[in-house]
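Trainee: could you look at this predicted model? Sequence included:
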Amino acid sequence: MNKATKAFTGNSEGISLIEVVIALAILGIIAAAFLGGLGTTYKGVTIASEQTNAESLARSEFEYVKNSVYRASGFSYEIPAPPGTSPPWDPSRTTLDSHYTGYSVNVTGVPIDPSTHNSTAADLGMQQITVKVYHQDKLLLTTSTYKVSR
């Protein structure tokens, strides 16, 4: 008997429908795991990018404040700036660089007592500078440093 005759008589040694379905199910599971891994990787890259941008913005604001004049009364401003909240020493500074679209920064300087590091109404020559970085209204980073009157 030749091969063509075997195929029609039911004695062929081909792949059954159940074997094909099992192979497709295994392939589907592998594809789902692969796509899940890609989604997780994308989310991780997005979070890392947000954190890197937040740290960069915080550092640049610290440098900006440290290099500006000392304001004994303290200060508070936001960037992008709603009307009246730009840095008191530089009212033209109201926006962030274009690659920080969706980010905002809130900066405060509060007089503190150098011996206790607690806030005080009277200026004793030291301030606590706090920078909060937001991305699309989600707080990403809050960090503080100190500035002294020199």
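Mentor: Ah, there it is.
Trainee: below-threshold pLDDT in the chain: ranges please.
Mentor: Residue ranges of the chain with pLDDT under 70: 1-13.
Trainee: check contacts around the one residue sitting closest to the centre of it.
Mentor: The C-alpha lying nearest the average C-alpha coordinate of the chain belongs to E50 (Cα atoms, centre = their mean; 2.1 Å). Contacts here follow Cβ atoms under 8 Å, 6 or more residues apart in numbering; on that basis E50 touches H135, L140. Where you see a C-beta, it was placed from the backbone N, CA and C, and this is true even at glycine.
Trainee: how far away is it from S144?
Mentor: 20 Å (Cβ to Cβ, to the nearest Å).
Trainee: go on, G109?
Mentor: When G109 is compared with S144 (using Cβ to Cβ), they lie 10 Å apart.
Trainee: same check on F62?
Mentor: For F62, the distance to S144 - Cβ to Cβ - is 9 Å.
Trainee: show me which of those two is the more surrounded one.
Mentor: Using other Cβ atoms under 10 Å, the more surrounded residue of F62 and S144 is F62, with 17 against 13.
Trainee: list the buried residues in stretch 97-117.
Mentor: Y100, Y103, S104, V105, N106, V107, T108, G109, V110, P111, I112 (16 or more other Cβ atoms under 10 Å).
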